[in-house]
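In: Attaching a predicted model along with its sequence, questions to come.
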Number of protein chains: 2
Amino acid sequence: MSINRISKNELLANYDTFLFDADGVLWTGDIPVPGAIEWINLLLEDPSKKVFVLTNNSTKTLEQYMKKIEKLGFGHLGRNNVISPAIVLADYLKSNADKFSGEYVYLIGTENLKATLENDGGVKCFGTGPDSIRDHTDGDFIHKVDMSIAPKAVVCSYDAHFSYPKIMKASNYLQDPSVEYLVTNQDYTFPGPVPGVVIPGSGATSAAVTAVTGRDPKVFGKPHKPMADFLLRRAHVDPKRTVMFGDRLDTDIMFGNANGFSSVWMPTGVHTIVDIHNAKEKGQLDRIPTFTHCFATGD
Amino acid sequence: MSINRISKNELLANYDTFLFDADGVLWTGDIPVPGAIEWINLLLEDPSKKVFVLTNNSTKTLEQYMKKIEKLGFGHLGRNNVISPAIVLADYLKSNADKFSGEYVYLIGTENLKATLENDGGVKCFGTGPDSIRDHTDGDFIHKVDMSIAPKAVVCSYDAHFSYPKIMKASNYLQDPSVEYLVTNQDYTFPGPVPGVVIPGSGATSAAVTAVTGRDPKVFGKPHKPMADFLLRRAHVDPKRTVMFGDRLDTDIMFGNANGFSSVWMPTGVHTIVDIHNAKEKGQLDRIPTFTHCFATGD
C-alpha cells in the first residue's frame, strides 16, 4: 500500500496549526531528524502559524524538557510550544481547585511528575520512591499498610519503583468512588537506551491497578481527549486547519484522526509501513494517516 | 430473581463427581460452612462418588493446604482430592519434559509455588523474592538488568514482591516467542484477613505483563480449560454426572458451565444474588448457576 505524500508548500497552504510528536518525529534518541530543525524554525518565524510539540513523556519536568530541546538544536521552541500529559493533568487539577487545591494525591510516578503536579496543579503528592516488601513470609504486611492519608485522586504514570504495595494502596484508595483515577498516558513501552530491550511504560502500572479495581481511568496523553481539549481551549485552534505529525499509529495518528485534524505519518520512528498495512487489514481506520512527508526533501 | 434449589437426595441421585471451591463454599476464612464437613464426609464414604476441592490458591504447597484442611475439620480429604493451578501447571511442565525438564523458568510468584514447580514439574525456578530498585535517578538501572539466564517459560502468579524490574524482565524474556507465558490464575483480588481491605491477586501481576508484551497467556486456574482437562484426564469423570459448587460467578460457576458440568451457587462467599441478577441483565449466561443449595438444611 502507499500513503499520499504531502509537500511543504501544501502543508503551509492548508494548515495553521502544526502538532508534532517528539521522539521518532523531530528526533530519534539524541539525533535530530534531518530537516526537522529547519522546518520547525520556518514555522515559528511565520506569525500566522501555531506550533506545538505533544509528547506523552511525563518523566521530565518542562524545564528539563526545554533543556533537551535546546541541546538538540530546537532552541527556538519555547515553553508554551510544549504540551505533555503532566501539563494537561496539572491543568485539570488546577481547574478543579474546589476539589483538589491543597489536597493529597497518591502518585505512582516520578519525582519530576510530582514537582509538576505540586507546582502547577496545586496538590500535595505522596507515594513516590521505593515502597517494597522485604519479607512477607507470614503475610502480616497486610496489617501494616499505612492507609492513614485519604487522597482525592490516584495518579498512575511511569514508575521504576512500581511494586505490589503500590498496587494495593492504589486499589484500596480507589474503593471510594469519589477518589478520581487519573492516568498520564497508557503507552505500554517506551524507547530505551539499549536496542532490543523492552522498557515498560505508564501503561504497565495502570494496567495492574485497572485490573484489580475494575475502574475506568481518565487518561491525559495521546490518543485521549483531554490533551486535545487542552489544546483547543489554550490555543483556540481550528481542527480543520490543524495537522498532527507522528510515528506511532496508536497514539499520534489516532490522536489526530479522533480530533478532526489531518495526520501525517513519519517513517522515522516506531511504526512502519507494514504496521499501516496491518491496521488497514484489521479495519482499524482510525490508525490510517492522511499523508506522509519527509522534512529533508520537503515532500 | 430466584435460583432453583437442589436437594441433597437429588444431588446424590444425579451426580457421581462433586467439585467444590474452598473459601466461600467449604469454609469462610477459618470457619467451616455449617454442614460442609458432614456433607464432604458423606460423599467420601460413598465408593461410587468422586470428590475434588478445586482451589485457585497457589500460594500454599499441597502439604500446607492439607494441614489447613485438617485443622478446619475436613481431615477425611486426602492429597488426591485437592487440585490447584500450581498442581495443574506442574503437571503441564512435567508432561512436556522434552522442553522443560531441568530447564529454567522465570517465576513471578511465591517460594511455595517455586517448591511445587521444582518438585513436581521438574524445572528450576528463579526470580522469587525481592527485586526492587533503590534508586533510578539516572535511569542507569536499564543497563544493569541481569538477563544472563534464558528461561523456557515465564510464570505469573501472586507475588507480594512484584515490582517494575520483574515486569521488565518478564517482558524481555517473552520477546522470544518460544518462551511460554504461563499464569496460575487471573483472580484480580482475593479474600484477605482485614475486612474491606483489597488484596491484589495473581491477576494484577499478569495484567501488567500482558499489557506490556501483548501476549496471550495460558491460564491454569478456574474458569480456564487446563484445570478441567487435568480433571478429565486424571479422574476420568463424566461431565454430565459432574457438579461444581462455587461462590464466585466469574471463576467457579463459569468453570462448571464451560465444561458441561452442572453448577451450584453457594451464597456463603464473594458473590450475591444481586451479582447473579446483574449477570443475567448483561446477558452473561455463562455466569448463571444451574442450582443453589444449603449444606446445613440439605436443600
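Out: It's in.
In: Which residues are in contact with the residue sitting nearest the centre point of chain A?
Out: For chain A, the residue nearest the mean C-alpha position is residue A:56 (1.8 Å; CA atoms, centre = their mean). For residue A:56, the contacting residues are A:84, A:85, A:184, A:185, A:187, A:202, A:221, A:222, A:251, by CB atoms under 8 Å, 6 or more residues apart in numbering or on different chains. C-beta coordinates here come from the backbone N, C-alpha and C atoms, glycine included.
In: Tell me if I'm right that the first one and residue A:55 touch.
Out: Just to be clear, that refers to residue A:84. Yes: because the distance of 5.0 Å satisfies CB atoms under 8 Å, residue A:84 is recorded as touching residue A:55.
In: Looking at the two, which one has more neighbours?
Out: With other CB atoms under 10 Å in any protein chain shown as the criterion, residue A:84 and residue A:55 differ in neighbour count, and residue A:84 comes out ahead with 27 against 22.
In: where does the more buried one sit relative to chain B, distance-wise?
Out: 17 Å (CB to the nearest CB, to the nearest Å).
In: Let's see if you can find the most crowded of the contacts of residue A:56.
Out: residue A:184 (32 neighbours).
In: What about the contacts of residue A:56, which are in helices?
Out: A:85, A:202 (DSSP state H).
In: Would you mind giving the contacts of residue A:56 as TSV with pLDDT added?
Out: TSV is the format used below for the contacts of residue A:56 (pLDDT from 0 to 100):
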residue	pLDDT
A:84	96
A:85	97
A:184	97
A:185	96
A:187	92
A:202	94
A:221	96
A:222	96
A:251	93
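In: can I assume the residue nearest to the centre of chain A sits in a helix?
Out: No: according to DSSP: H, G, I helix; E, B strand; the rest coil, residue A:56 belongs to no helix; its state is coil.
In: Need the pLDDT of it.
Out: On pLDDT, residue A:56 comes in at 93.
In: what does residue A:137 give?
Out: 59.
In: just to revisit the earlier point, could you tell me which residues touch both of residue A:84 and residue A:55?
Out: With CB under 8 Å, 6+ apart as the test, residue A:84 and residue A:55 both reach residue A:65.
In: the domain parsing of chain A - what is it?
Out: Split into domains by automatic domain parsing, chain A comes to A:8-56+A:223-292, A:97-219.
In: rank these by pLDDT, which is bottom?
Out: domain A:97-219 (a mean of 91).
In: For it, measure first residue to last.
Out: Start and end residues of domain A:97-219 are separated by 19 Å (CA to CA, to the nearest Å).
In: just how off-centre is it within its chain?
Out: Taking CA atoms, centre = their mean, to the nearest Å, the mean C-alpha location of domain A:97-219 is offset from the chain mean by 16 Å.
In: Same question for stretch A:267-287.
Out: With CA atoms, centre = their mean, you get 20 Å for stretch A:267-287.
In: So which bits of that stretch are buried?
Out: A:268, A:269, A:270, A:271, A:275, A:276, A:279, A:286, A:287 (16 or more other CB atoms under 10 Å in any protein chain shown).
In: ok, those vs residue B:133, which is closest?
Out: Residue B:133 has its nearest neighbour among the buried residues of stretch A:267-287 in residue A:270, at 25.2 Å by CB to CB.
In: still on that earlier bit, now distance to residue B:37 and secondary structure too, for the buried residues of stretch A:267-287, in TSV please.
Out: Below are the buried residues of stretch A:267-287 laid out as TSV (distance: CB to CB, whole Å; DSSP: H, G, I helix; E, B strand; the rest coil):
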residue	distance to residue B:37	secondary structure
A:268	68	coil
A:269	63	coil
A:270	59	coil
A:271	60	coil
A:275	59	helix
A:276	63	helix
A:279	58	helix
A:286	58	helix
A:287	58	helix
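In: quick one: which two of those are the most distant?
Out: Across those (CB to CB), the longest gap, 21.7 Å, separates A:268 and A:286.
In: helices or strands up against the strand or helix carrying residue A:66?
Out: In the assignment (DSSP states H and E), residue A:66 maps to helix A:62-71. Using 3 or more CB pairs under 8 Å, 6 or more residues apart in numbering or on different chains; DSSP states H and E, the elements in contact with helix A:62-71 are strand A:82-83.
In: try 7 Å this time
Out: Contact partners of helix A:62-71 among helices and strands, from 3 or more CB pairs under 7 Å, 6 or more residues apart in numbering or on different chains; DSSP states H and E: none.
In: pLDDT on that helix, on average?
Out: 93.
In: Kindly export that helix (C-alpha atoms) in CSV.
Out: Extracted as CSV, the C-alpha positions of helix A:62-71 are listed here (Å, rounded to 0.1, in the frame of the first residue of the first chain):
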residue,chain,number,x,y,z
LEU,A,62,9.1,21.1,31.5
GLU,A,63,12.4,22.8,32.4
GLN,A,64,14.3,19.5,31.8
TYR,A,65,12.4,19.0,28.6
MET,A,66,13.3,22.5,27.4
LYS,A,67,17.0,21.8,28.1
LYS,A,68,16.8,18.7,26.0
ILE,A,69,15.1,20.6,23.2
GLU,A,70,17.8,23.3,23.3
LYS,A,71,20.6,20.8,23.4
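In: So which residues of chain A form helices?
Out: So, for chain A - with DSSP H - the helices run A:8-14, A:36-45, A:62-71, A:85-95, A:97-100, A:111-121, A:141-144, A:164-173, A:202-213, A:225-235, A:254-258, A:273-281.
In: Export the ones you listed as a markdown table, with columns for distance to residue B:297.
Out: What follows is those, written out as a markdown table (distance: least, CB to CB, whole Å):
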| stretch | distance to residue B:297 |
| --- | --- |
| helix A:8-14 | 77 |
| helix A:36-45 | 76 |
| helix A:62-71 | 67 |
| helix A:85-95 | 55 |
| helix A:97-100 | 51 |
| helix A:111-121 | 57 |
| helix A:141-144 | 35 |
| helix A:164-173 | 37 |
| helix A:202-213 | 36 |
| helix A:225-235 | 55 |
| helix A:254-258 | 57 |
| helix A:273-281 | 59 |
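In: and of those, who's closest to residue B:31?
Out: Across the helices of chain A, closest to residue B:31 is helix A:141-144 (CB to CB), at 18.9 Å.
In: Need the nearest residue in space to residue A:299, chain neighbours excluded.
Out: residue A:7 (4.3 Å; CB to CB, 6 or more residues apart in numbering or on different chains).
In: Confirm for me that the one you found is in contact with residue A:294.
Out: No: assessed by CB atoms under 7 Å, residue A:7 is found out of contact with residue A:294, at 9.6 Å.
In: circling back: with respect to residue B:108, which of the domains of chain A lies nearest?
Out: domain A:97-219 (10.2 Å).
In: Mind checking if the closest one is in reach of chain B?
Out: Yes: contact between domain A:97-219 and chain B, assessed by CB under 7 Å from any CB of the partner chain, occurs at A:130, A:132-134, A:136, A:141-143, A:159-164, A:167-168, A:171-172, A:175, A:188-189, A:192-194, A:197-200, A:203-204, A:207-208, A:211-212.
In: what about burial for those residues, which qualify?
Out: For the residues of domain A:97-219 next to chain B, buried by 16+ other CB under 10 Å: A:132-133, A:136, A:141-142, A:159-164, A:167-168, A:171-172, A:188-189, A:192, A:197-200, A:203-204, A:207-208, A:211-212.
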